[in-house]
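Chemist: Got a predicted model here, sequence first, then my questions.
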Amino acid sequence: MKLVILRTDIKTKKKVKKMRPVFNSHPVISKWSIDTEDIDNVLRIEAEDNLDEDEVKKLVTENGFYCEDLPDII
């Protein structure tokens with residue numbers, strides 16, 4: 001199992017709803033969520049090990065949103 005965590009600009013439930021069919025229909029994504037209450041609007045994806053993080057970023061940007069790696073906090 002692979003976990004992908006990204007910062008996004010998906011800030012509302014309406015925008016999350018736009019992404020729902022994209023993530024739900026993806027063959028290797030088993031679970032996903034976007035925390036619109038978090039300052040970074042964190043996208044969390046649980047998927048099979050062969051999920052490519054760049055593919056996720058491309059899916060998000062192709063649907064009109066921005067995403068990037070969440071910086072590590074030390």
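Modeler: Everything's here; your move.
Chemist: longest helix of this structure?
Modeler: helix 13-24 (DSSP state H).
Chemist: Let me see the ranges of the helices in the chain.
Modeler: Under DSSP H, the chain gives helices at 13-24, 53-62.
Chemist: Output those helices in a markdown table; the columns should cover mean neighbour count.
Modeler: Placement of C-beta: from N, CA and C, glycine included. Putting the helices of the chain into a markdown table (neighbours: other CB atoms under 10 Å) gives the following:
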| stretch | mean neighbour count |
| --- | --- |
| helix 13-24 | 13 |
| helix 53-62 | 15 |
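Chemist: So which of those is nearest residue 3?
Modeler: Closest of the helices of the chain to residue 3 is helix 53-62, at 10.4 Å (criterion: CB to CB).
Chemist: which residues of the chain score low on pLDDT?
Modeler: 73-74 (pLDDT under 70).
Chemist: returning to what we had before: which residues are in contact with the longest helix of the chain?
Modeler: Contact with helix 13-24 is made by 10, 29, 32, 34, 36, 45, 59, 60, 63, 64, 65, as judged by CB atoms under 8 Å, 6 or more residues apart in numbering.
Chemist: roughly how far apart are the spatially most central residue of the chain and residue 27?
Modeler: Nearest to the mean C-alpha position of the chain, by CA atoms, centre = their mean, lies residue 43 at 3.7 Å. Separation of residue 43 from residue 27 (CB to CB, to the nearest Å) stands at 18 Å.
Chemist: Brilliant, that's me finished.
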